[in-house]
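> okay, sequence plus prediction incoming.
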Amino acid sequence: MSAPTATPAPAEEMPSYRPSHARDVRRPGFFVKLVLMMLINALGLYGIITAFFVDAWLIVAILAIMLIAVNFFYFSSKMIPAKYLVPGMIFLLIYQVFVMGYTGYVSLTNYGQGHNSTKEDAIAAILIQNERRVEGAENVQTAVVEDGAGLALVVADPTTKELITGAPGEDPTPIKGTVTAAGITEVEGKTILSFAELVQRQDQLTGLRLQATDDPNDGFYVTTDGTSGYLAKSFFTYDEATDTLTNTETGTTYTDSGKGSFVDAQGSEISPGWRVFVGFENYLNIFSGPDLGGPFLKALLWSFVFSIVSVISTFAFGLFLALVFADTRVKGRRVFQSLLILPYAFPAFLATLVWRGMLNHKFGFINQVFFGGAEIPWLTDGLLAKISILGVNLWLGFPYMFLVALGALQSLPSDVMEAAKMDGAGPLRTVFSVKLPLVLQSTVPLLIASFAFNFNNFALIYMLTGGGPNYPGLSVPLGETDILISMVYKIAFESGTKDYGLASAMSIVIFIVVGVIAWLGFRQTKTLEEL
C-alpha cells in the first residue's frame, strides 16, 4: 500500500482588483486621459475668464460647476458609470436644454432688428447716428491703436498735446505717449497701426468714437483716415434725470415708452430701441395679430396636411413596392431594389431644384412633354403648388420607406405566414391582417420620426416654392405653401423687422405640437404591440 501523496500548498491568490489602464500611471492610457483632461480644463478656464470679463456670472457659475464635476468624475475610482454618462449629459444640456430654454426666454422679449441690445447702447447709437461736425471745430491729431481688447482711438488735445483714449462707450482717460508735428508716434503700452494696416481695416475706422468729456452730450472725436479727426456732436441730447431724448433742432422730446423704445408725443418711435421683457405678447400676436393670425392658422393646417399626407403616401407606396419586390418569383428583383433607392441616394436639395425646373410653367419638362406646351402654373397657383410639393416629397421619400418596409417584411416569421395560408387567407387578407400589423409594430416609431421631419421640412418648401404664392398686403412675405418652420425663417430673416422674439415664440409652438404628436404616437405603439 503506497503512502498518501501530500497535497501541494495552494498558490497565493492574485488580488481581484486590478487598476484600469486609465488609473495605472505605468500605462499609456493614464497619460492620454491626463492630456485630455488638461485640454478640457484649459478650455473651461478660458471660458470662465472670458465670461468673467463680460460680467456673465451665470455662465461663470455653470462652467465652474461643470468643470469641477468633470474632474471629480474622471479622477475618482468610485464614479466609473458617471464617466460614460457625463459627456452625453453635458451635450444634452448644451444643445437641447440650453437651446430650448434660451429660445423660450427670447420668445418673451421684443428681441429683433432695432431691439437687440441694452438701453444704454441704444442711447449711444441714437446720439452717434445723429451727429455732425461741430461748427468751427479744428482738426486734431489721432492714432488708431490695438491691444488685447481690440482697436481704440487716441486723440491729441489741440492745445496741450496731451493724449486721451478710451473704449467705445467709456469715459476718456489720459495716456502717455509722444506727439510730434508729424503726428502721434508712440503710445505707452499699445501698438499704433501702420498706414498699410489702416488701409486694410478701413471699415473698422468709421465705428471708432472717443468721448470728448465724461458727458456724451459734449460730443465725440471721430477720425477720417486714422491720423487726423475732428469733434462731432449729436443734435440729440439725453437727459438722464428725466430719461428723455431731445432733438435740439426741432425741440421734439422723446420719452421711454416702456416697450423698448423712445417715442414722441404722437407715438412715433426713434430707432434703435432696446430689448425688454414683453411676456406672452408674441404668443398672442401669433394667433391674433393683423398680419399673422390668418396666415398662421392656414400654415398650421397645411403643416399637418403636408406631414400626414407625406407620411401616409410615402409609406403606402414604399410598402407596396416592398411587397412586390420581396416576392422571390420576381425576376431581377435585386436590380430593381437597387434602382428604387436612387432617389434616396441623390441629395434632396439638388433633386428639389431639378423638380423646380421641370415644373416651370413656361419651359418645364412636365408641361412641354406631358401637356403639349401648356402653361400650367404648378408652382405659382396655391392648390397646384401644394399638390406639386406632395408629389415631389413622394418621389424623395418613398425609397426610405421602401427600405424600411422591405427589411420589416424580410424579418417576419415564416411560421406565421404558413399558418395564414393553412387558414385559407388569400393574398390581400394576408397583407392587411397579418403582414401590415406586424410591419407597423416595428415601423411606427420611424413613421413618427418621419412626421416630425416633414413637419419641419424647411428645405423642400424653400427650394421648391419659397413658400409662395405670397399673400398680398402683408408686412411679412408669407405664402400659401409656407409651413410653420418656413414662417419662422421669414419672420426671423426675411421680414423688415427681423423679429427674433416672435420667431422664437413660433419655434416653441412647433416644439409643443411635434412633442404632443410624438407622445400620442408612441402611446398608440403599445396598442399595436397587443395585436
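Done, it's in. Numbering: from 1, shown residues only.

> and for Thr165, the neighbour number?
By other Cβ atoms under 10 Å, 20 other residues sit near Thr165. (C-beta placed from N, C-alpha, C; glycine too.)

> Three-state assignment for it, please.
strand (DSSP: H, G, I helix; E, B strand; the rest coil).

> kindly report the same for Leu412.
Following three-state DSSP, Leu412 is assigned to coil.

> isn't there a helix covering Thr160?
No - counting by three-state DSSP, Thr160 is not part of a helix but coil.

> what number of residues lie near it?
As a burial measure, Thr160 scores 8 neighbours (other Cβ under 10 Å).

> I'd say Leu353 and Met463 touch.
Yes - taking Cβ atoms under 8 Å as the definition, Leu353 is a contact partner of Met463 at 5.9 Å.

> who has more neighbours, these two?
Legend: neighbour count by other Cβ under 10 Å for Leu353 and Met463, higher for Met463 (17 against 13).

> the more buried one and Val476: what is the separation?
According to Cβ to Cβ, to the nearest Å, Met463 stands 20 Å off from Val476.

> which residues in the stretch 201-350 of the chain form helices?
Secondary structure of the stretch 201-350 of the chain (DSSP state H, counting those that start in this stretch): helices at 202-205, 281-288, 293-325, 333-340, 342-345, 348-358.

> mind listing the strands for the stretch 1-150 of the chain?
131-133, 140-147, 150-156 (DSSP state E, counting those that start in this stretch).

> the stretch 151-300 of the chain now?
163-166, 173-175, 177-180, 183-187, 191-192, 210-211, 220-223, 228-234, 236-239, 244-247, 253-256, 262-263, 269-270.

> what segments of the stretch 51-200 of the chain are helices?
Residue ranges of the helices in the stretch 51-200 of the chain, as given by DSSP H, counting those that start in this stretch, are 57-75, 80-92, 99-106, 119-129, 195-200.

> cool, and the stretch 401-531 of the chain?
Under the criterion DSSP H, counting those that start in this stretch, the stretch 401-531 of the chain contains helices at 414-422, 427-430, 436-455, 458-464, 484-489, 500-529.

> tell me which of the helices of the stretch 51-200 of the chain sits most buried.
Mean neighbour count, computed with mean count of other Cβ atoms under 10 Å, is highest for helix 119-129 among those, reaching a mean of 17.

> can I get it in CSV? Just the C-alpha atoms.
C-alpha atoms of helix 119-129 as CSV (Å, rounded to 0.1, in the frame of the first residue of the first chain):
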residue,chain,number,x,y,z
LYS,A,119,-30.9,100.8,-23.3
GLU,A,120,-27.5,102.4,-22.8
ASP,A,121,-26.3,101.1,-26.2
ALA,A,122,-29.5,102.4,-27.9
ILE,A,123,-29.0,105.9,-26.5
ALA,A,124,-25.3,105.9,-27.6
ALA,A,125,-26.3,104.7,-31.1
ILE,A,126,-29.0,107.4,-31.4
LEU,A,127,-26.5,110.1,-30.4
ILE,A,128,-23.9,108.7,-32.9
GLN,A,129,-26.4,108.3,-35.8
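
> now the helices of the stretch 201-350 of the chain in a markdown table, with distance to Leu447 and mean pLDDT?
A markdown table is the format used below for the helices of the stretch 201-350 of the chain (distance: least, Cβ to Cβ, whole Å; pLDDT from 0 to 100):
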| stretch | distance to Leu447 | mean pLDDT |
| --- | --- | --- |
| helix 202-205 | 52 | 80 |
| helix 281-288 | 28 | 91 |
| helix 293-325 | 6 | 94 |
| helix 333-340 | 19 | 84 |
| helix 342-345 | 17 | 83 |
| helix 348-358 | 19 | 93 |
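
> Gly177: which of those is closest?
helix 202-205 (19.1 Å; Cβ to Cβ).

> who touches the closest one?
With Cβ atoms under 8 Å, 6 or more residues apart in numbering as the test, helix 202-205 has contacts from Val144, Leu151, Leu198, Thr223, Asp225, Gly226.

> please redo it, this time with the cut-off set to 6 Å
Leu151, Thr223, Gly226 (Cβ atoms under 6 Å, 6 or more residues apart in numbering).

> and for Gly332, the neighbour number?
9.

> quick revisit: would CSV of the strands of the stretch 1-150 of the chain with mean neighbour count be doable?
Putting the strands of the stretch 1-150 of the chain into CSV (neighbours: other Cβ atoms under 10 Å) gives the following:
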stretch, mean neighbour count
strand 131-133, 13
strand 140-147, 20
strand 150-156, 20
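
> so can I have a markdown table of those showing distance to Gly207 and mean pLDDT?
As requested, those are arranged in a markdown table below (distance: least, Cβ to Cβ, whole Å; pLDDT from 0 to 100):
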| stretch | distance to Gly207 | mean pLDDT |
| --- | --- | --- |
| strand 131-133 | 13 | 87 |
| strand 140-147 | 11 | 88 |
| strand 150-156 | 9 | 88 |
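
> right, so of the ones you listed, which gets closest to Pro413?
Per Cβ to Cβ, nearest to Pro413 of the strands of the stretch 1-150 of the chain: strand 150-156, 69.1 Å.

> show me what the closest one is packed up against.
Here strand 150-156 touches strand 140-147, strand 163-166, going by 3 or more Cβ pairs under 6 Å, 6 or more residues apart in numbering; DSSP states H and E.

> per-residue confidence averaged over stretch 191-199?
What stretch 191-199 shows for mean pLDDT is 86.

> hmm, who's touching it?
Stretch 191-199 is contacted by residues Ala143, Val144, Val145, Glu146, Gly226 when judged by Cβ under 6 Å, 6+ apart.

> could I get that stretch in CSV with only the CA atoms?
Written as CSV, here are the backbone C-alpha positions of stretch 191-199 (Å, rounded to 0.1, in the frame of the first residue of the first chain):
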residue,chain,number,x,y,z
THR,A,191,0.7,99.3,-30.8
ILE,A,192,-0.1,102.0,-33.3
LEU,A,193,-1.5,100.7,-36.6
SER,A,194,0.7,101.5,-39.6
PHE,A,195,-0.6,103.1,-42.8
ALA,A,196,-0.9,99.7,-44.5
GLU,A,197,-2.8,98.3,-41.6
LEU,A,198,-5.2,101.3,-41.6
VAL,A,199,-5.9,100.8,-45.3
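
> distance check, Leu205 against Ala42.
Relative to Ala42, and taking Cβ to Cβ, Leu205 is found at 35 Å.

> in terms of neighbours, single out the busier of the two.
The neighbour count for Leu205 versus Ala42, taken as other Cβ under 10 Å, is higher for Leu205 (20 against 10).

> ok, and the closest non-adjacent residue to Gly104?
Ile508 (5.8 Å; Cβ to Cβ, 6 or more residues apart in numbering).

> so the one you found makes contact with Ser107?
Yes - between Ile508 and Ser107 there is a contact under Cβ atoms under 6 Å: 5.4 Å.

> between these two, which is the more surrounded one?
Counted by other Cβ under 10 Å, Ile508 and Ser107 do not tie: Ser107 has more neighbours, with 24 against 18.

> need phi/psi at the more buried one.
When read as degrees, to the nearest 10, the backbone of Ser107 gives phi -70, psi -20.

> for it, give me its contacts.
Taking Cβ under 6 Å, 6+ apart as the criterion, Ser107 is in contact with Asn282, Ser504, Ala505, Ile508.

> thinking again about what came up before, take the strands of the stretch 1-150 of the chain and lay them out in a markdown table including distance to Ile286.
Shown next, in a markdown table, are those (distance: least, Cβ to Cβ, whole Å):
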| stretch | distance to Ile286 |
| --- | --- |
| strand 131-133 | 39 |
| strand 140-147 | 46 |
| strand 150-156 | 40 |
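
> so for Tyr230, which of these sits nearest?
strand 131-133 (5.5 Å).

> elements contacting that closest one?
By 3+ Cβ pairs under 6 Å, 6+ apart, strand 131-133 packs against strand 228-234.

> distance from the chain centre to the strand it packs on, please.
The chain centre lies 40 Å from the centre of strand 228-234; the measure is Cα atoms, centre = their mean, to the nearest Å.
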